[in-house]
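Q: mind looking at a prediction? Sequence and model below.
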Amino acid sequence: MRFRIAIDAAWEARLSTVTDVLFAHELRQFIESKEYGEGMAALSIVLMCRGEEFAFKRRIKFLKKDRDLQMDIMLDLDVLKHASREERIRIVVDRLILEVPQVVRSYDIKPFDSEAFISDFVGKLREILAKM
């Protein structure tokens, strides 16, 4: 399964420091090395963090043709602007732990072992937090 995290954020959010940590701990390689079933070929996450004046809305969709689950994780720019590096990492990881399992469980993707994926995903993120 392909795994992607992208950023669509104001530079003041400094989210690249968060993705640097996630990739340094080989989150993508860990997820991509696992087999969860043919029902989902890719998981694409966009970390969204823009000012409220842009009125962005969260997008969640499963592209059946590509077997790609796509989701936005909406983050608060005012909070992240004033957060330390460690606080930003914790905020983003906590949101991933909370929201990704909810979205994955909301789709009945066959064949796909969603509970094994969620267990691996959350476990790896908690491992990253523990090393901070």
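A: Arrived safely.
Q: who are the packing partners of the helix-or-strand element of the chain with minimal mean pLDDT?
A: None of the helices or strands of the chain scores lower by mean pLDDT, DSSP states H and E than helix 16-24, at a mean of 87. Helix 16-24 sits against strand 2-9, helix 85-105, with contacts defined as 3 or more Cβ pairs under 8 Å, 6 or more residues apart in numbering; DSSP states H and E. Using the backbone N, CA and C atoms, a C-beta is placed for each residue, glycine as well.
Q: of all these, which lies closest to D68?
A: D68 lies closest to strand 2-9 among those, at 8.0 Å (Cβ to Cβ).
Q: where's I7 relative to S114, distance?
A: In this view, I7 and S114 are 25 Å apart by Cβ to Cβ, to the nearest Å.
Q: picking that back up, give me the mean pLDDT for the helix or strand following the least confident helix or strand of the chain.
A: Per DSSP states H and E, helix 16-24 leads on to helix 27-32 as the next helix or strand towards the C-terminus. Taken as a whole, helix 27-32 carries a mean pLDDT of 92.
Q: who's in contact with helix 27-32?
A: With contacts defined as Cβ atoms under 8 Å, 6 or more residues apart in numbering, helix 27-32 is touched by 1-5, 22, 43, 117, 120-121, 124-125, 128.
Q: pLDDT score for the spatially closest residue to E86 that is not a sequence neighbour?
A: Closest residue to E86 apart from its sequence neighbours, by Cβ to Cβ, 6 or more residues apart in numbering: M132 at 5.9 Å. We have a pLDDT of 77 for M132.
Q: now V93
A: pLDDT, read off for V93, is 95.
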